[in-house]
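Novice: show me the folded form of this:
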Amino acid sequence: MSTTPTPSPAGHAAAEPVRLLRSASNFRDLGGHAGMDSRRVRLGRVYRSDHLAALTPDDLRTLQGMGITHRIDFRGTAERSALASEVAGITTLALTIEPTVVHRVQALLEQGREPTEAETVELMCQTYRGFARDSAPVYARFFRHLLEHPTPLVFHCTAGKDRTGFAAALLLGALGVARDDIVEDYLLTNRLYVRSPLVEARGPAHVMDILWSVQPAFLEAAFTAIEQDFGGLTSYLQGPMGLGPRELTQLRDSLLET
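Specialist: Numbering: from 1, shown residues only. Have a look, this model is predicted:
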């Protein structure tokens, strides 16, 4: 199986990433995007994924052969316990962000209230605003780890779409990738992710379809919160994320081609 995505034309995200792992449907390389000063994000350095708890022996060997040394796990405590995903030779860093939107939906259903599509979308937008505001210290640790361990790594949550999607958007933004390309990469989840039978989540079909997908409005809610609270992504990166000029230069030199 090929493990090298084809870089996209300058300024555009790849049309379809190579499926590196068959048993982790949302696993993909973040490399190939045009970043700051048209320098491309390096391939084979940073990967994003859904959970890694059901890897086939072939996929496990593929993963262990990629040179990945660290795994950042954004899942909540119960999620990690239910689906353990330790991989021999890869060090795990747990950066816990609990999946609050599922709990909010379940609470409404228990009250006899079935959220509409619009209400479910708003719940997801609230979740993304929470990523930008409440989970900022967690994402700051994510960036600190990238700076302290400039070796190939993978970061993930359960579906690899929300907590992971926001982390990927922040990282690509810090590397100077255009907003349209960031959104395009984010939306690839809708083409790649296959719901895992190992993940228990029940509810009305119209609600679950929204919870297990991504929409531009979700990510836009986070960026709007960043704009309102911090004046934009640059200030957010320099403030809550701890990426001053020196750190940004270090990050870009590490992850962008020369």
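Novice: tally of neighbours for H51?
Specialist: Neighbours of H51 under the rule other CB atoms under 10 Å: 25. No exception for glycine: its C-beta is placed from N, CA and C like everyone else's.
Novice: list the contacts of it.
Specialist: H51 is in contact with 24, 75, 79, 83, 85, 156-160, 196, 198-199, counting by CB atoms under 8 Å, 6 or more residues apart in numbering.
Novice: just the ones of the residues you listed in helices?
Specialist: Counting by DSSP state H, the contacts of H51 place E79 in helices.
Novice: now L109. Nearest residue, chain neighbours left out?
Specialist: G203 (6.2 Å; CB to CB, 6 or more residues apart in numbering).
Novice: mind telling me what element the one you found is part of?
Specialist: Using DSSP states H and E, G203 sits in no helix or strand.
Novice: so how far is H51 from it?
Specialist: Plainly put, G203 is 20 Å away from H51 if you go by CB to CB, to the nearest Å.
Novice: cool, R71 as well?
Specialist: Using CB to CB, R71 is found at 11 Å from H51.
Novice: for these two, list the residues in contact with both.
Specialist: By CB under 8 Å, 6+ apart, R71 and H51 have these common neighbours: S85, H156.
Novice: what about the residue nearest the centre of the chain, which SS state?
Specialist: The residue lying closest to the centre of the chain (CA atoms, centre = their mean) is T164, at 2.0 Å. Classification of T164 by DSSP: H, G, I helix; E, B strand; the rest coil places it in helix.
Novice: what score does it have for pLDDT?
Specialist: In the predicted model, T164 carries a pLDDT score of 98.
Novice: one more: G203?
Specialist: If you check G203, the pLDDT there is 80.
Novice: do R104 as well
Specialist: pLDDT, read off for R104, is 85.
Novice: how about the strands of this structure, start to end?
Specialist: Per DSSP state E, the chain carries strands over the ranges 28-29, 46-49, 70-73, 91-94, 153-156.
Novice: got JSON lines for those strands, with distance to T127 and mean pLDDT too?
Specialist: Supplementary listing: the strands of the chain in JSON lines, determined by distance: least, CB to CB, whole Å; pLDDT from 0 to 100:
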{"stretch": "strand 28-29", "distance to T127": "22", "mean pLDDT": "96"}
{"stretch": "strand 46-49", "distance to T127": "18", "mean pLDDT": "97"}
{"stretch": "strand 70-73", "distance to T127": "18", "mean pLDDT": "96"}
{"stretch": "strand 91-94", "distance to T127": "20", "mean pLDDT": "96"}
{"stretch": "strand 153-156", "distance to T127": "17", "mean pLDDT": "98"}
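Novice: show me where pLDDT drops low in this structure?
Specialist: Residue ranges of the chain with pLDDT under 70: 1-17, 200-201.
Novice: if we use 80, what do you get?
Specialist: Scanning the chain for pLDDT under 80 picks out 1-18, 196-202.
Novice: mind checking the longest helix of it?
Specialist: In the chain, ranked by residue count with DSSP H as the criterion, the top helix is helix 117-133.
Novice: for that helix, buried residues please.
Specialist: By neighbour count on 16 or more other CB atoms under 10 Å, the buried set for helix 117-133 is T120, V121, L123, M124, C125, T127, Y128, R129, G130, F131, A132.
Novice: one step back: can you name the residues that contact the residue nearest to the centre of the chain?
Specialist: By CB under 8 Å, 6+ apart, T164 lies in contact with N26, R48, S49, D50, F74, F155, H156, C157.
Novice: L251 now?
Specialist: Each residue near L251 by CB under 8 Å, 6+ apart is listed here: F143, L146, L147, A174, L175, L243.
Novice: any idea what sits nearest the first one, other than its immediate chain neighbours?
Specialist: What it means is F143. The shortest distance from F143 to any non-neighbouring residue, by CB to CB, 6+ apart, is to M241 (5.3 Å).
Novice: dump the strands of the chain into CSV; add mean neighbour count and distance to L63 as well.
Specialist: Formatted as CSV, the strands of the chain follow (neighbours: other CB atoms under 10 Å; distance: least, CB to CB, whole Å):
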stretch, mean neighbour count, distance to L63
strand 28-29, 24, 12
strand 46-49, 24, 9
strand 70-73, 21, 9
strand 91-94, 14, 13
strand 153-156, 24, 8
